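# pasting the sequence and the predicted coordinates here, then a few questions.
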Amino acid sequence: MKRLLVSLAIGLAICAFAGCNSEQKQYDDAVSLLNQGQYQDAIDIFKGLNGFNDSHDKINEAYESMIDNYLSVKDIDSAINTLSQFEQTADEESVNRVKMSIAQSFFDTAKYDQAFAIYKELGSYQGADKMLRDYVIQTYKSGAIDQNNALSYVSAYDILNDKDKAFVDFCKNKLPDGWGGTSLCSHFNNNSCKINGLLYTDLSAFHEKNTAKGYIIWYYNPNTDKRDLVTFFHLENGELSTRVVSSTATGPDFSPYYSPDSSYDLNLIREAIAEVT
């Protein structure tokens with residue numbers, strides 16, 4: 001009986017050793033396939049090893065290498081399909097890293113909506129939010145996407161040109177106490193005042209002694225019949241001022257001398273003013 005038990009133990013040890021050798025051989029074969037770029041074949045073997053050695057890590061390595069290979073030949077659809085499988089086995093960091101690569105490939109192939117959607121999903125991961133902002137502004141200014149599309153991802157202020165942005169920045173300054181002491185942005189971000197014309201100038205044509213540069217703003221109250229309100233705003237000692245050297249106490253008529261500059265994007269400016277209020 002004792003001899004039988006010893007024989008059984010030896011037999012089990014031999015079987016276990018043979019099994020281990022079999023798993024090791026499969027593992028080595030899978031690693032070889034991985035190194036040869038035969039990713040799916042390698043993955044199939046690694047999955048069958050049920051966690052032997054570092055086979056789980058090798059599965060993720062194979063998926064990531066497969067995706068990189070697809071992206072290198074601009075086969076983004078196959079990369080996306082592989083990503084769905086990769087997400088089932090990989091950690092969040094690895095998945096996000098691959099998504100960054102896919103987003104960049106979408107952008108490089110002018111598939112902007114797909115790229116922007118992924119960058120937006122990634123949030124602040126590795127600066128994806130900054131990349132989204134920069135790429136949206138870049139493509140908008142180049143004419144590759146329209147204004148509505150750009151505003152789906154960034155603020156109106158972000159896509160203002162320098163001239164329009166300078167006006168919005170000007171509007172952030174505080175108004176004189178007689179105007180309520182709020183910013184010019186607050187003044188124009190309500191239903192009673194709507195900008196319908198701008199001009200950056202001095203008033204020397206209106207009065208030769210007035211050379212302070214500022215903005216003539218044409219605006220109106222959309223809730224009444226009152227139209228064509230015009231005020232000149234400029235900075236005086238770092239604060240907004242409406243004082244004008246003229247023969248009239250209030251309401252000088254600039255129309256014989258000045259007209260609005262049509263190059264301002266008033267709709268976008270109004271949106272930007274609403275954002276910063």
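Yep, it's here.

# how about Tyr215, secondary structure?
Secondary structure state of Tyr215, per DSSP: H, G, I helix; E, B strand; the rest coil, is strand.

# now do whichever strand or helix holds Glu61: distance to the chain's middle.
Assigned by DSSP states H and E, Glu61 falls within helix 55-72. Centroid displacement of helix 55-72 relative to its chain, using Cα atoms, centre = their mean, to the nearest Å, is 27 Å.

# now swap in stretch 159-178 and tell me
The answer for stretch 159-178 is 24 Å, by Cα atoms, centre = their mean.

# buried set for it?
Buried residues in stretch 159-178, counting neighbours by 16 or more other Cβ atoms under 10 Å, are found at 159-160, 164-165, 167-168, 170-171, 175. To be clear about C-beta, it is placed using only N, CA and C from the backbone, and glycine gets the same treatment.

# and the protein, what are its domain boundaries?
Domain ranges of the chain: 23-156, 162-276, per automatic domain parsing.

# average pLDDT across the last one?
This means domain 162-276. Taken as a whole, domain 162-276 carries a mean pLDDT of 82.

# gap between the two ends of that domain?
Using Cα to Cα, to the nearest Å, the end-to-end distance of domain 162-276 comes to 16 Å.

# just the helices in the stretch 1-150 of the chain please.
In the stretch 1-150 of the chain, the helices defined using DSSP state H, counting those that start in this stretch lie at 2-35, 39-48, 55-72, 76-86, 92-108, 112-122, 128-141, 147-151.

# correct me if wrong: Asp41 contacts Ser32.
No: using Cβ atoms under 8 Å, Asp41 is not in contact with Ser32, being 10.0 Å away.

# between the two, who's got more neighbours?
Asp41 (16 against 13; other Cβ atoms under 10 Å).

# name the nearest residue to the more buried one, ignoring sequence neighbours.
Leu33 (4.8 Å; Cβ to Cβ, 6 or more residues apart in numbering).

# burial measure for that neighbour, as a count.
19.

# what's the answer for the one 4 residues further on, then?
For Gly37, the number of neighbouring residues by other Cβ under 10 Å comes to 12.

# my read: it touches Tyr70, true?
No: using Cβ under 8 Å, Gly37 is not in contact with Tyr70, being 11.7 Å away.

# show me what the helix holding Glu61 packs onto, helices and strands only.
helix 2-35, helix 39-48, helix 76-86, helix 92-108 (3 or more Cβ pairs under 8 Å, 6 or more residues apart in numbering; DSSP states H and E).

# so for the third one, mean pLDDT?
Read it as helix 76-86. 95.

# what does the last one give?
This predicted structure assigns helix 92-108 an average pLDDT of 97.

# picking that back up, columns distance to Val276 on top of the helices and strands packed on helix 55-72, output as TSV?
Formatted as TSV, these follow (distance: least, Cβ to Cβ, whole Å):
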stretch	distance to Val276
helix 2-35	53
helix 39-48	50
helix 76-86	38
helix 92-108	29
